[in-house]
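S.K.: For reference, the sequence and a predicted model appear below.
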Amino acid sequence: MLAFSINRESFLQGLSRVQSVVERKNTVPILSNVLIDGNGERLKLVATDMEMGISGYIDANIKSAGAVTMSARKLFEIIKELPAEAEVSLQVKEENNTEITCGRSSFKLKGLPAEDFPNLPSYDEETFFTLDAAVLKEMVRKTIYAASTDETRYNLTGVLFEMEKGDEGSLVRMVATDGHRLALIEKEAKGNIRPGESVVIPRKSLNELRRLMDEGDDVIELDFQKQHGVFRKDSTVLTTRLIDMSFPNYQQVIPEEVNATATMDRDALIAAIRRVSLLSSERSRAVRFSFSDENLTVHTNNPDLGTATETISITYDGKDLEVTFNAKYMLDTLTSLDADKINIALKDELSPCRVYQEEDQDYIAVIMPMRV
Amino acid sequence: MNRTILHVDMDAFFAAVEERCNPALRGKPLAVAGPGKRTVITTSSYAARSFGVRTGMSVGQGKRLCPDLIVVRCDHRKYSHASRAVLTVLESFTPAFEPYSVDEAFIDATLLQRRFDNISNLAMKIKGAIRRETGLTCSIGAAPNKLLAKLASGKNKPDGLTILNPEQIPSLLEKTPVGELCGIGPETTRQLKSMGIETCGRLGRFPLDILSMRFGVYGEILSRMGRGEDSSPIHCAKEGETDVKSVGHSVTLPTDVEDSETVTNVLHTLSEMVGRRARRHECAGYRLTLTVRYSDFLTFSRQKTFPAPLRTTEQIYEASLMINREITLTSPVRLLGLSLGNLVFGFQPNPLLPEDRRKEALQEALDRINDRYGEFSLGYAGQIHNFRGNRIISPSWRPKGIRNST
């Protein structure tokens, strides 16, 4: 039966990495558990909610090989409360009950058999391709906010991931939309990608991937199979179910005809929208943009609360236009950009508008105005 | 200013309409019964009532009490037509009226009565006009609010008129059983009785903290009802719209159902009814509530809030299916209801994706056809048996009003 001792810090780090994947709804009890597998040289920690799974390795002094599962949350909370740099011992006893000791503290945590823990999808070492983690991280950040959180629009709750042979090499494209706005980003891929492949990755899994990439910029290994995708960074592996529904034809949505373009300071616009939208209706978040020569006036009128107005200086080319946007959508887009100056390209009051920065034309953000 | 509210209640409405259509039935003991196998009496004529035949009895029970009872199968199209005729008469008096069900309406007579010298004169004029235009009789109650007006209209049926003056109210309530008030059902009556409260007078004097402990926020409403207080406004078709908090519908199924296919099918019809009303009023809702009542009357609801407001029938239907998936039905279902909440008014969609724009265009086309040719002229094929014979859709249903009623 499994027995090992481990440094509290590395145990805590390993546990915190798998924590967010653990099923919260608690419909299948074992899915609230973490699998601790000490059958190899290092200790393997695994968690899954059946949609995605994560496994990682940590160093431990394994005294007796074996495996067990126990409440991921309780174990994490216990280890978190133990003194820093302490040595923690785990010993599995009868019926998967596990004794945790550290200094003069001791806990007996009930467990479930490791054999009952679901297997994560398998993957093939041979088929991995690699991407620069910093690039992938940026692509996820600039698209994920536009993915839908509406479960009735299942195919929009993921981000499209496409690989293509471009004019000067390989290209990776990610697209997300919730039916009101769209974000598209293309990047050159240095790794050995697989042109022609296209998958839809659930938003939740990409959030998890983001956390994984936060641990340092390096390379990410990827592989897509029929129903699931695999991401590997160092020895940590994230597997996810893929969305098996078609993604909308995003090309039709990207505005081509532009009748007016405004250029302005990004921070000033963000600050103005934040202030003015304080009085916008909580439900619709409607904020009116009045574009005219040299000035953009951001305005909201809420019959229940009052009105708010702020004017910022812009350079503008086009006839005067009044367009109403959802403040949240505009802020999401503006904060995903990083340049000091941004551009808003418009056709008319009701057609999709494009927000972009001069130095990053591979990133396209589209927002549909509101009809009022 | 003190309000004056009239409650117009048609007398034995379904039976009266049947008598009007077939004069040979006039004055005979008559019962109108539902179309299904488990037929119960929906309405009985006053002649039948004198034998003890009541709404809710089975046809068999009715026949035992009155062997000569004539049973007519209900024909909601007739009642719906007659109901519209009655509302048209009311509309000729004032726009400030609220259709409350197929055979009842409230009228705000606060200002109107001055044109007719006094309230009694106005009420008699309304009764006369309804009789002249439709051949039907009604009973009218007049009181300072809706609660008391409805109580009053039931006091002197048929063809009655009861005017409650403010000074009469305390003595009337003193001996009125709580169950006679609209809004206090058999379950609440039973609970109140267990607390020793049987009359409105006692309910009104009962310590509020005890009522609140037992009934929560409803305790205060009950206490006010006991004193005959009610400030709810008249929801007339045009003025009341923006005050509306939700748009909902519920249906009692012709038979209790257990199979999920029928449940989802009814949800589709309800989605169309709720969606159509919401669209008529240019509103959309972020929250959808699904209500289920089992055959043993155990009732519960589940709700979900969505990131974008629901408006089209398809959006509402998809959302209802999603809520439904998370419910495990443990008994046969008697009633299903859907209600759209967290409303935004003046909502007009502007979808980004071409597929969504096509769906909006389809919805608009469907609505326009149904505006022109009547409700459910064109709908989803799977719904067709719900439209025929009005088994699911109640005759009082029309998408014009936005009230949350069933």
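M.R.: Arrived safely, thanks for sending. None of the values given here were measured: they were computed from a predicted structure.

S.K.: Report the contact partners of residue 351.
M.R.: Since no chain was named, I'll use chain A. By C-beta atoms under 8 Å, 6 or more residues apart in numbering or on different chains, the residues touching A:S351 are A:P255, A:E257, A:P369. The C-beta positions use only the backbone N, C-alpha and C, and glycine is treated the same way.

S.K.: oops, I was thinking of chain B
M.R.: By C-beta under 8 Å, 6+ apart, the contact set of B:P351 is A:G179, A:H180, A:M368, B:R357, B:K359, B:E360.

S.K.: sorry, back to before: looking at neighbours, which among the contacts of A:S351 is most surrounded?
M.R.: Comparing these on neighbour count, A:P369 comes out first with 26 neighbours (neighbours: other C-beta atoms under 10 Å in any protein chain shown).

S.K.: hang on, that one packs against A:E322?
M.R.: No. Counting by C-beta atoms under 8 Å, A:P369 stays clear of A:E322, with 9.6 Å between them.

S.K.: circling back: turn the contacts of B:P351 into CSV, including neighbour count, distance to A:S235 and secondary structure.
M.R.: Putting the contacts of B:P351 into CSV (neighbours: other C-beta atoms under 10 Å in any protein chain shown; distance: C-beta to C-beta, whole Å; DSSP: H, G, I helix; E, B strand; the rest coil) gives the following:
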residue, neighbour count, distance to A:S235, secondary structure
A:G179, 21, 39, coil
A:H180, 25, 40, coil
A:M368, 24, 43, coil
B:R357, 13, 48, helix
B:K359, 17, 47, helix
B:E360, 16, 50, helix
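
S.K.: where does chain B come near chain A, residue by residue?
M.R.: Residues of chain B lying near chain A by C-beta under 8 Å from any C-beta of the partner chain: B:286, B:306-309, B:315, B:318-319, B:322, B:342, B:344, B:346-356.

S.K.: Report the buried members of these.
M.R.: Neighbour counting by 16 or more other C-beta atoms under 10 Å in any protein chain shown classes B:286, B:306, B:308-309, B:315, B:318-319, B:322, B:342, B:344, B:347, B:349-353, B:356 among the residues of chain B next to chain A as buried.

S.K.: In helices, which of the residues you listed appear?
M.R.: B:Q315, B:E318, B:A319, B:M322, B:D356 (DSSP state H).

S.K.: Show me which of those is closest to chain A.
M.R.: B:E318 (4.2 Å; C-beta to the nearest C-beta).

S.K.: Against which helices or strands is the lengthiest strand in chain A packed?
M.R.: Ordering each strand of chain A by length in residues (DSSP state E) puts strand A:306-317 first. In this structure, strand A:306-317 packs against strand A:260-265, helix A:266-276, strand A:286-292, strand A:295-302, with contacts taken as 3 or more C-beta pairs under 8 Å, 6 or more residues apart in numbering or on different chains; DSSP states H and E.

S.K.: again, 6 Å this time
M.R.: For strand A:306-317, the packing partners by 3 or more C-beta pairs under 6 Å, 6 or more residues apart in numbering or on different chains; DSSP states H and E come out as strand A:260-265, helix A:266-276, strand A:295-302.

S.K.: distance between the helix or strand following that strand and the chain's centre?
M.R.: Using DSSP states H and E, the helix or strand that follows strand A:306-317 in sequence is strand A:321-326. Distance of strand A:321-326 from its chain centroid, counting by C-alpha atoms, centre = their mean, to the nearest Å, is 29 Å.

S.K.: same check, this time on stretch A:177-191
M.R.: The answer for stretch A:177-191 is 13 Å, by C-alpha atoms, centre = their mean.

S.K.: if you look at it, does any of it touch chain B?
M.R.: Yes. Stretch A:177-191 comes into contact with chain B (C-beta under 6 Å from any C-beta of the partner chain), by way of A:G179, A:H180.

S.K.: which other residues reach that stretch?
M.R.: Applying C-beta atoms under 6 Å, 6 or more residues apart in numbering or on different chains, the contact partners of stretch A:177-191 are A:129-131, A:135, A:139, A:142-143, A:146, A:148, A:156, A:169-176, A:253, A:329, A:362-368, B:351-353, B:356.
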